[in-house]
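> Only the shape, not the letters, is given here:
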């Protein structure tokens, strides 16, 4: 941003100089022209608007609606009224509704891990986008990115279904995962729980993951954005374990391993190329 303002300084001087010369050469009084915004002022306003949009918390309305929420890079452990445990991952928001007949959590955004106290007469529902998860007592995670919802079971058994869908519920047991796009499920997958749920222990684990996927995941845990400027590097495979509390070390490791250079324009914008 400093470089941009410096580059605009000389054109702004030229505009002011031409305006002064024109006014000095005028021989007859004329009505005062309306003030026009110069190129420098217009560019400065555009830059300010860009920064405001980029840094303003886009999810502030969801935060107001939520009962609990976390910011980027933070996690929060919650004990619900029935004794169930809820661990919110980075940038997550939920609402909680506990009644005598049922327990209900709505995932507005982000990812959460549930350890549900067994209560057959009080089913525990998790709703995320168009996906519904029903359990009576088990341990599982639900992650949401826009309309894509992923359910992964660590212990016990859960039933998942798409809201308004005629498809039968999908039953998952420990070590299984399913993704919903809209209200339609994809094929059930067997997953490595140590890898998929490593975030609970403050780690991110990647096995032959493309750089674009690694950067996308890192961006979830830090404010601002890392952008890949080198298109040829986007699909390069990465196998690594990173601490979510030391992501600057992760960026340095990507630089050294892939021979890339991280250009830091602000603490919130890094170009990796």
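Thanks, I have it. This is a predicted model, so every value here is computed, not measured.

> Low-confidence stretches in the protein?
1-58 (pLDDT under 70).

> what's the longest strand in it?
Longest strand in the chain by number of residues (criterion: DSSP state E): strand 103-115.

> So which other helices or strands are in contact with that one?
helix 60-65, strand 85-88, strand 93-98, strand 124-128, strand 139-145 (3 or more CB pairs under 8 Å, 6 or more residues apart in numbering; DSSP states H and E). Using the backbone N, CA and C atoms, a C-beta is placed for each residue, glycine as well.

> closest to residue 204 out of the ones you listed?
strand 139-145 (13.5 Å; CB to CB).

> partners of the helix or strand that that closest one is followed by, with directions?
Note on strand 139-145: by DSSP states H and E, the next helix or strand toward the C-terminus is strand 148-155. The strands that strand 148-155 pairs with in its sheet are strand 139-145 (antiparallel), strand 176-181 (antiparallel) (by DSSP bridges).

> how about JSON lines for these, with mean neighbour count and distance to residue 128 added?
Supplementary listing: these in JSON lines, determined by neighbours: other CB atoms under 10 Å; distance: least, CB to CB, whole Å:
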{"stretch": "strand 139-145", "mean neighbour count": "21", "distance to residue 128": "4"}
{"stretch": "strand 176-181", "mean neighbour count": "20", "distance to residue 128": "8"}
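
> how about the helices and strands packed on strand 103-115 in TSV, adding distance to residue 202?
Output for these, formatted as TSV (distance: least, CB to CB, whole Å):
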stretch	distance to residue 202
helix 60-65	23
strand 85-88	12
strand 93-98	20
strand 124-128	23
strand 139-145	15
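
> Of the ones you listed, give the one that comes closest to residue 158.
Using CB to CB, the nearest of those to residue 158 is strand 139-145, at 5.4 Å.

> Check the offset of that closest one from the chain's centre.
Taking the mean of its C-alpha atoms, strand 139-145 sits 14 Å from the chain's own mean (CA atoms, centre = their mean, to the nearest Å).

> cool, stretch 174-181 as well?
Worked out by CA atoms, centre = their mean, stretch 174-181 lies 20 Å from the chain centre.

> one step back: which one of the strands paired with strand 148-155 lies closest to residue 86?
strand 139-145 (10.5 Å).

> roughly how far apart are residue 188 and residue 155?
17 Å (CB to CB, to the nearest Å).

> and the angle for the longest strand of the chain with strand 148-155?
Angle, strand 103-115 to strand 148-155, by axes from the mean of the first three to the mean of the last three CA atoms, to 10 degrees: 60 degrees.

> if I read this right, residue 221 contacts residue 250, doesn't it?
No - applying CB atoms under 8 Å, one finds residue 221 not in contact with residue 250, separated by 9.3 Å.

> Now for these two: what residues contact both?
Here residue 221 and residue 250 have residue 204 as joint contacts, going by CB atoms under 8 Å, 6 or more residues apart in numbering.

> so what's the backbone phi/psi at the residue positioned nearest the centre of the chain?
By CA atoms, centre = their mean, the chain has its centre lying nearest to residue 220, at 4.3 Å. Residue 220 adopts backbone torsions of phi -70, psi -20, taken as degrees, to the nearest 10.

> that older thread, adding distance to residue 101, write the strands paired with strand 148-155 out as CSV.
Formatted as CSV, those follow (distance: least, CB to CB, whole Å):
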stretch, distance to residue 101
strand 139-145, 21
strand 176-181, 26
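
> re earlier: what's the spacing between the residue nearest to the centre of the chain and residue 200?
Taken as CB to CB, the span from residue 220 to residue 200 is 15 Å.

> shouldn't the residue nearest to the centre of the chain be in contact with residue 72?
Yes - using CB under 8 Å, residue 220 makes contact with residue 72 at a distance of 7.1 Å.

> What's the end-to-end length of stretch 266-273?
Using CA to CA, to the nearest Å, one end of stretch 266-273 lies 16 Å from the other.

> Could you list the buried residues of that stretch?
269, 270, 271, 272 (16 or more other CB atoms under 10 Å).

> what's the closest of those residues to residue 171?
residue 272 (41.5 Å).

> which residues does that closest one contact?
Counting by CB under 8 Å, 6+ apart, residue 272 touches 215, 226-230, 233, 251, 254-255, 260-262.

> Swap in 10 Å and give it another go.
Contact analysis of residue 272 by CB atoms under 10 Å, 6 or more residues apart in numbering lists 211, 215, 226-230, 233-234, 251, 254-255, 258, 260-263.
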